[in-house]
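*Asks:* this one's structure only:
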């Protein structure tokens, strides 16, 4: 698959003084592999006499023989100039202004060439080195050196069918390594989210991080605490919903970065009694998630949140029972709801879960608790609950960790697959709920009538 790359480097200049230009006969990309909508955007900008390239992960994936998830475009046209060319264009972003070209089932993202801000531009950077704005426009060569990884700095010219490589990205592709462009620690400080991107790429591509790229992570990952929770939530979805969730989880733990997304989960994974069950439970869920992605099945973003926070919730319930607080005297369901609200509020400080996500997580936890109880009079009501399927899947995963739940999970599996008559038999065979006799209040004795006063 990468044999053509070896041919390129056996005969081409490897210095960064001049870019390596790979001609059509030397690579495997063709216009037929690019989406019709993206080709339309490329051709429109080119016909308007702008410099324009397909860039980033789409070029990398095409070279690796993978199907790109989306196509990104880079050009010397300013956002306002792009807007005038496309009626279906919308400009977004302040820190990093982009043009989105909308089609019925597709969005093509178009970015203007950028360059690093001038030295001494204090408004562009915070004191910790993080970029606060990145709208200084430049040339193609400028744009190359402000990109994050060499594998993502390959530019494909659809007009000439050539690839331009300024950073030896093709060589890194052949070696199978992921390398930050420039000084890794500085680049991570400019945008700490690059750490999460590095982890996502090493999991997705199965390629290790280059030594300096990896060694800079322990020195800078604490800067992720300064990233907005909404942005971290978006990155979290990309990390775990791309089909490589198991490898991603392992890399997050290896580089001690999970704590910035799910600190409560990281704490549960270090708990003296819960850590093994927590790890097994999460890995089972991530394996199922990767399988669903491979089968093109939809994912519910709230489901993994409910998985990651389940053992922190169990720990909170244990602490409430042991603390002697008033909540310990309430019913199990009330305690669950109270502790769940507390856990979700803490988790939202790091990942900005929407109200829809938090409500769905709460529903999954509560309904799976009710499924465990199998109340005879509410079986059909539970089965019609919008979160029934997610709660059932959740209970089945719990049963794989806790064998005492296996008979309950099996019962629900049988009930769903049975006909109406068999369903009624299964319900009738359930143990009858314990009847608690109501204690009668003792009758109050009527006060004796006082004798009339003697006259």
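*Replies:* Done, it's in. What you are looking at is a predicted structure, and each value in this text was computed from that prediction instead of being measured.
*Asks:* ok, and what's touching stretch 399-417?
*Replies:* 277, 280-281, 284, 371-372, 374, 379, 383, 392, 395-396, 398, 422-423, 426-427 (CB atoms under 8 Å, 6 or more residues apart in numbering). In short, each C-beta sits where N, CA and C put it, glycine included.
*Asks:* go through it and flag the buried ones.
*Replies:* By 16 or more other CB atoms under 10 Å, the buried positions in stretch 399-417 come out as 399, 401, 405, 408-409, 411-412.
*Asks:* out of those, what pair is the most spread apart?
*Replies:* Within those, two members stand farthest from each other by CB to CB: 401 and 411, at 17.9 Å.
*Asks:* take the buried residues of stretch 399-417 and write them to CSV, including secondary structure.
*Replies:* Formatted as CSV, the buried residues of stretch 399-417 follow (DSSP: H, G, I helix; E, B strand; the rest coil):
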residue, secondary structure
399, helix
401, helix
405, helix
408, helix
409, helix
411, helix
412, helix
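*Asks:* out of the residues you listed, who's nearest residue 88?
*Replies:* Looking across the buried residues of stretch 399-417 and measuring by CB to CB, the closest to residue 88 is residue 412, at 47.3 Å.
*Asks:* how far away is the closest one from residue 157?
*Replies:* Distance from residue 412 to residue 157, counting by CB to CB, to the nearest Å: 57 Å.
*Asks:* repeat for residue 276
*Replies:* For residue 276 relative to residue 157 (CB to CB), the value is 53 Å.
*Asks:* returning to that earlier point: so which of the contacts of stretch 399-417 belong to strands?
*Replies:* Nothing among the contacts of stretch 399-417 maps onto strands, per DSSP state E.
*Asks:* where in the stretch 201-350 of the chain is pLDDT low?
*Replies:* 323-330 (pLDDT under 70).
*Asks:* cool, the stretch 351-455 of the chain as well?
*Replies:* Within the stretch 351-455 of the chain, the segments meeting pLDDT under 70 span 433-455.
*Asks:* ok, and what's touching stretch 231-249?
*Replies:* 69, 193, 196-197, 199-200, 202-204, 206, 224, 252, 258, 260-261, 282-283, 286-287, 289-290, 293-294, 299, 301, 304, 350-353.
*Asks:* of those residues, buried ones?
*Replies:* 193, 196-197, 199-200, 202-204, 224, 252, 258, 260-261, 282, 286, 289-290, 293, 301, 304, 350-351, 353.
*Asks:* quick check, distance from the strand or helix carrying residue 414 to the centre of its chain.
*Replies:* Using DSSP states H and E, residue 414 maps to helix 406-417. Its chain's C-alpha centre and that of helix 406-417 lie 31 Å apart, by CA atoms, centre = their mean, to the nearest Å.
*Asks:* surely residue 162 touches residue 25?
*Replies:* No. Counting by CB atoms under 8 Å, residue 162 does not reach residue 25; the two are 10.2 Å apart.
*Asks:* more neighbours: the two, which one.
*Replies:* Neighbours were counted for residue 162 and for residue 25 using other CB atoms under 10 Å; residue 162 has more, 17 against 8.
*Asks:* and the more buried one, what's its pLDDT?
*Replies:* Model confidence at residue 162, given as pLDDT, is 94.
*Asks:* quick check on it: phi, psi?
*Replies:* Per-residue torsions, residue 162: phi -120, psi 160 (degrees, to the nearest 10).
*Asks:* that one bridge partners, please.
*Replies:* For residue 162, the beta-bridge partners are residue 157 (DSSP bridges).
*Asks:* do you know how far it is from residue 45?
*Replies:* 17 Å.
*Asks:* can you tell me the SS state at residue 53?
*Replies:* Residue 53 - assigned by three-state DSSP - is strand.
*Asks:* leaving out sequence neighbours, find the closest residue to it.
*Replies:* Take residue 53 and drop its neighbours on the chain: the residue closest to it by CB to CB, 6 or more residues apart in numbering is residue 155, 4.0 Å away.
*Asks:* which pLDDT value goes with that neighbour?
*Replies:* 96.
*Asks:* pull the number of nearby residues for it.
*Replies:* The burial count assigned to residue 155 is 23, neighbours taken as other CB under 10 Å.
*Asks:* what does residue 231 give?
*Replies:* 13.
*Asks:* got the phi/psi numbers for it?
*Replies:* Here is the backbone geometry of residue 231 (degrees, to the nearest 10): phi -70, psi -40.
*Asks:* try residue 149
*Replies:* phi -120, psi 150.
*Asks:* what helix or strand is the one residue sitting closest to the centre of the chain on?
*Replies:* By CA atoms, centre = their mean, the chain has its centre lying nearest to residue 237, at 1.8 Å. When elements are assigned from DSSP H and E, residue 237 belongs to helix 229-240.
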